[in-house]
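Undergrad: Structure for this input, please:
(chains A and B)
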Amino acid sequence: MQIVAVNHLCKSFNGIPVLKDVSLEVQAGCVVTLVGPSGGGKSTVLRCINGLEQPDQGEIFIEGTRLTPKNVASLRLRMGMIFQHFNLFEHLTALQNVAYAPQKVLGMTPQAATARARELLARVGIVGLEAALPRSLSGGQKQRVAIARALALNPKILLCDEPTSALDPEKVKEVLNVLRSLAHTGITIVLVSHEMAFAREISDTLLFMDQGEILECTSASAFFKAPQHPRAQEFLQNML
Amino acid sequence: MLYIIQGVGVTLQYTLVSLVLGSLLAILLVGARLSPYRWLKGLAIGYVSVFRGTPLLVQLMVVHYGVPIMLNTQNAHSVFVSGVLTFSLNSAAYLSEIIRAGLDSIPRGQYEACLVLGVGPWDRFFDILFPQAIRNILPSLINEMIDLIKESALISVIGGADIMRRSRDIAAEQATYFGPLLVAAGCYYVLVLLLTALVRFVKRA
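TA: The predicted model follows:
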């Protein structure tokens, strides 16, 4: 079953086109990774899927429902989002960051929300740092808290916008390990990443984007073995 | 001398009441400024421009002497009402700019994180954006309070019995200016020093 469908998406910023007729489908429970050079429109696709950006043209369907400005708020609750720069609430502790939305948005009691937050933090390996403010956490720890925060609303889809791009190399692994533990457990993951080895390992489908177009859509193994499009070949050569 | 120092209470009264009323008005102004309605936005911009662009003394005179004549009321409102009204209106203009800058200083990602998590506008403002903004702007807010304390001396011109007025009363009585005015300056200075210490304390926290 398709959980996300994007049809003929076009989007420009200040007259400069960033998405030119982008279409894609994501099957439920799969991991789909968008790769390609910076500025190719990968993040914009992700941001359109959960309504942070409004496309100029085209349609997006989430579990068969068309995304509109009216239903974006409710459809968003089915999607968690991980940002490159974490965007944790800086004045709240790790635990409060995770517990906040379940309490305010799902109406859970503070006790239940806190218990759930503790459980999720443990799942991403944040134990003993529940009371820490984001500024005293490392980048890797922050991103893991952010993942726990996104999972707290029980999303069906997890959108990850370059989750490791702002991290020190040695912290990348701890975040990838968490994502690896989530992949193929029922949740659908749409990932934008420059971690090629990781993309190859966990993705079911790989999309290569450049200059606002999807140039290649194939299985991860096929992509890395023999990319078809010349620009994809060039990109891989530069990356590996 | 004690008579002058007792004016500290009067000065603080003007300052604090004006600060509270001014803050409330400032929040409304920020709301208007950030609203999608252009006329409301224009109103807020015009308000700030006028109150920052004219001398406080002129504003005070207009409110105390001008407005009653314009409204054609026989009995002018009390000095306290005129003073607090003018100071509130004036500091609201400055405070609204400070608050707006505070909200601007919060990275857009905080706002996006709220959207993504389904946090509504009310919770977003009061739980996430405002608590972070207030930390950034607290020093500026205290600076505004310092300005207000000093500017409140203008109330003596229309007859408020504040530090300044009392020192001039004494000066007239004793036919000497230097001593009484020095005491008045000292009173203001101590008040400002106390607030400055507060800024330093807040910055460290």
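Undergrad: low pLDDT regions in chain A?
TA: Residue ranges of chain A with pLDDT under 70: A:240.
Undergrad: same question, chain B
TA: Judged by pLDDT under 70, the stretches of chain B that qualify are B:73-76, B:205.
Undergrad: which residue is nearest the middle of it?
TA: B:S91 (3.4 Å; CA atoms, centre = their mean).
Undergrad: Spell out the secondary structure type for it.
TA: Using DSSP: H, G, I helix; E, B strand; the rest coil, the structure places B:S91 in helix.
Undergrad: Please list the residues of chain A that sit near chain B.
TA: With CB under 8 Å from any CB of the partner chain as the criterion, chain A comes near chain B at residues A:50-52, A:73, A:76-77, A:79-81, A:83, A:85-91, A:100-101, A:104-105, A:149-150, A:153. The way it works is simple: take the backbone N, C-alpha and C, and place the C-beta from them, glycine included.
Undergrad: got a list of what the residue nearest to the centre of chain B touches?
TA: If you count contacts by CB atoms under 8 Å, 6 or more residues apart in numbering or on different chains, B:S91 has them with B:S18, B:L19, B:G22, B:A26, B:E144, B:D147, B:L148.
Undergrad: and of those residues, the nearest to chain A?
TA: B:A26 (21.6 Å; CB to the nearest CB).
Undergrad: That closest one is in what secondary structure piece?
TA: helix B:7-34 (DSSP states H and E).
Undergrad: what's near enough to touch A:S219?
TA: A:D204, A:T205, A:L206.
Undergrad: what bridges to it?
TA: Beta-bridge partners recorded for A:S219 (DSSP bridges): A:T205.
Undergrad: From the residues of chain A next to chain B, which land in helices?
TA: Here DSSP state H is the test, and those give A:A73, A:R76, A:Y100, A:A101, A:K104, A:R149, A:A150 as lying in helices.
Undergrad: how about those, which pair is most distant?
TA: Pairwise distances across those (CB to CB) peak at 17.8 Å, for the pair A:A73 and A:R149.
Undergrad: ranges for the strands of chain A?
TA: A:2-13, A:16-27, A:31-35, A:57-62, A:65-66, A:79-82, A:157-161, A:188-192, A:205-210, A:213-219 (DSSP state E).
Undergrad: Show me what from chain B comes close to chain A.
TA: Counting by CB under 8 Å from any CB, chain B sits next to chain A at B:107, B:109-110, B:112-113, B:115-120, B:123, B:127-128, B:131-132, B:135.
Undergrad: Which members of these are classed as buried?
TA: Taking 16 or more other CB atoms under 10 Å in any protein chain shown as the criterion, what is buried in those is B:109-110, B:112-113, B:115-119, B:123, B:127-128, B:132.
Undergrad: Using CSV, please lay out those together with distance to A:T164 and secondary structure.
TA: Formatted as CSV, these follow (distance: CB to CB, whole Å; DSSP: H, G, I helix; E, B strand; the rest coil):
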residue, distance to A:T164, secondary structure
B:G109, 17, helix
B:Q110, 21, helix
B:E112, 19, helix
B:A113, 18, helix
B:L115, 23, helix
B:V116, 19, helix
B:L117, 21, coil
B:G118, 25, coil
B:V119, 26, coil
B:D123, 30, helix
B:D127, 29, helix
B:I128, 25, helix
B:Q132, 26, helix
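Undergrad: What is the end-to-end distance of stretch A:183-198?
TA: Taking CA to CA, to the nearest Å as the measure, stretch A:183-198 stretches 12 Å from start to finish.
Undergrad: That one: which residues count as buried?
TA: A:A183, A:I187, A:T188, A:I189, A:V190, A:L191, A:V192, A:S193, A:E195, A:M196, A:F198.
Undergrad: What sits closest to the fourth one if chain neighbours are left out?
TA: Okay, so that is A:I189. A:V31 (4.5 Å; CB to CB, 6 or more residues apart in numbering or on different chains).
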